[in-house]
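J.: I'd like to go over a predicted model; first the sequence, then the structure.
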Amino acid sequence: MRDEYIREAQKTIPDPNVLINVVSRRVKQLRRGSRPLVESLEKLSPEDIALREVIEGKISFELHTA
């Protein structure tokens, strides 16, 4: 994963645990054949694609409290 993508994604999802959960869930979807929600001229890993989706606001998430 690219450090700059991680830093940018943390501006959107500051809690590292939530960011890890969101990205890992999206990586699983991408590996199962889901289409990326962002375009890139270069070949990105599923992890980098997921981070770019977070950065660009393509993925939303909700925090559920007990």
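T.: Sure, I can see it.
J.: Poorly predicted segments of the chain, please.
T.: Within the chain, the ranges that satisfy pLDDT under 70 run 66.
J.: which residue ranges form the helices in the protein?
T.: With DSSP state H as the criterion, the chain has helices at 3-12, 16-31, 46-55.
J.: ok, residues contacting the last one?
T.: Contacting residues not belonging to helix 46-55 are listed as 1-2, 5-6, 8-9, 11-13, 19, 22-23, 26-27, 30-31, 36-38, 40, 44, 59 [Cβ atoms under 8 Å, 6 or more residues apart in numbering]. All C-beta atoms are positioned from the backbone trio N, CA, C, and that covers glycine.
J.: can you do 10 Å?
T.: For helix 46-55, contacts defined as Cβ atoms under 10 Å, 6 or more residues apart in numbering pick out 1-2, 4-13, 19, 22-31, 34-40, 42-45, 58-61.
J.: cool, the first one as well?
T.: Taking contacts as Cβ under 10 Å, 6+ apart, the residues outside helix 3-12 that touch it are 1-2, 16, 19, 22-23, 44, 47-57, 59, 61.
J.: now swap in the longest one and tell me
T.: Residues from elsewhere that reach helix 16-31 (Cβ under 10 Å, 6+ apart): 1, 5-6, 9-10, 12-13, 15, 34-37, 44-51, 53-54, 58-61, 63.
J.: returning to what we had before: quick one: buried ones out of the contacts of helix 3-12?
T.: Taking 16 or more other Cβ atoms under 10 Å as the criterion, what is buried in these is 19, 22-23, 44, 47-55, 59.
J.: Excluding chain neighbours, what is closest to residue 13?
T.: residue 19 (4.3 Å; Cβ to Cβ, 6 or more residues apart in numbering).
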